[in-house]
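Q: Structure for this input, please:
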Amino acid sequence: MVRAICSVEGCDRPALTRGFCTGHYARLRRHGEPGGPLGNSKARHGRLDTPEYRSWVEMRRRCRGRLGKMQYVEKGIKVCDRWLHSFEAFFEDMGPRPEGTTLDRWPNGRGNYEPGNCRWAAPVEQSRNRSSNRMVDCDGEKVPLAEYCSRKGLDYILIRDRVCGLGWTLQRAVSEPVRLTSQTKQRRGFAPVHTEERAV
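A: This next block holds a predicted model:
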């Protein structure tokens with residue numbers, strides 16, 4: 001008689017309940033998903049101590065039921081089935097992680113962790129991919145305001161304050177000249193500082 005094995009990829013333990021071994025079934029009951037391979041079976045790919053494996057573990061932890069980060073759980077952000085139970089599939093799709101990068105959901109920052117919507121990105125790139133960013137049109141392409149200013153050689157702080165703080169349109173924020181107050185001019189060295197002379 002052939003005995004069924006656990007349905008989690010990479011696990012060769014016998015399936016006892018609902019197609020899972022006892023370890024994965026316990027995870028399913030506790031966390032709402034069975035997770036990856038257990039114990040020594042995880043070491044088959046030989047990448048336990050790699051940045052890619054740590055990124056895979058962290059990605060799954062963020063989206064895991066009641067133990068996940070609330071901003072991910074509340075927004076319904078999930079890990080696709082292909083990656084959820086298989087580090088090998090994740091590594092096959094993403095490849096080695098370049099130094100100084102982490103996993104980023106892109107181009108859809110509100111989308112799921114899945115092939116075609118993830119990349120290895122540096123912190124600067126990721127900061128421009130936040131859902132709180134103001135997106136603007138730049139030569140027919142939607143980009144964050146910070147990137148728009150970088151491409152056009154504009155003062156980001158000034159443009160951001162005008163658009164987000166004062167409610168100006170982007171066109172007005174870019175075209176309106178900067179009006180320096182006398183106090184600002186003095187601080188920047190554009191005008192002499194006048195002091196009252198004391199009577200002797």
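Q: residues near Arg60, how many?
A: 21 (other C-beta atoms under 10 Å). Using the backbone N, CA and C atoms, a C-beta is placed for each residue, glycine as well.
Q: Then Cys118?
A: 22.
Q: surely it meets Thr101?
A: No - with contact defined as C-beta atoms under 8 Å, Cys118 does not reach Thr101; the gap is 11.5 Å.
Q: tell me, what's touching those two both at once?
A: Common neighbours of Cys118 and Thr101, counting by C-beta atoms under 8 Å, 6 or more residues apart in numbering, are absent.
Q: and the spatially most central residue of the chain, helix, strand or coil?
A: Residue closest to the average C-alpha location in the chain (C-alpha atoms, centre = their mean): Asp104, at 4.1 Å. Here Asp104 is recorded as strand under DSSP: H, G, I helix; E, B strand; the rest coil.
Q: residue contacts, it?
A: Counting by C-beta under 8 Å, 6+ apart, Asp104 has contacts 118-121, 125-126, 129.
Q: pretty sure Pro96 contacts Tyr53?
A: No - between Pro96 and Tyr53 there is no contact under C-beta under 8 Å: 11.5 Å.
Q: Name the residue in these two with the higher neighbour count.
A: Just comparing Pro96 and Tyr53: by other C-beta under 10 Å the higher neighbour count belongs to Tyr53, 19 against 11.
Q: Test my guess that the more buried one contacts Arg47.
A: Yes - look at Tyr53 against Arg47 with C-beta under 8 Å: they come within range, at 4.8 Å.
Q: Spell out which residues are contacts of both of those two.
A: Shared contacts of Tyr53 and Arg47 (C-beta under 8 Å, 6+ apart): Phe87.
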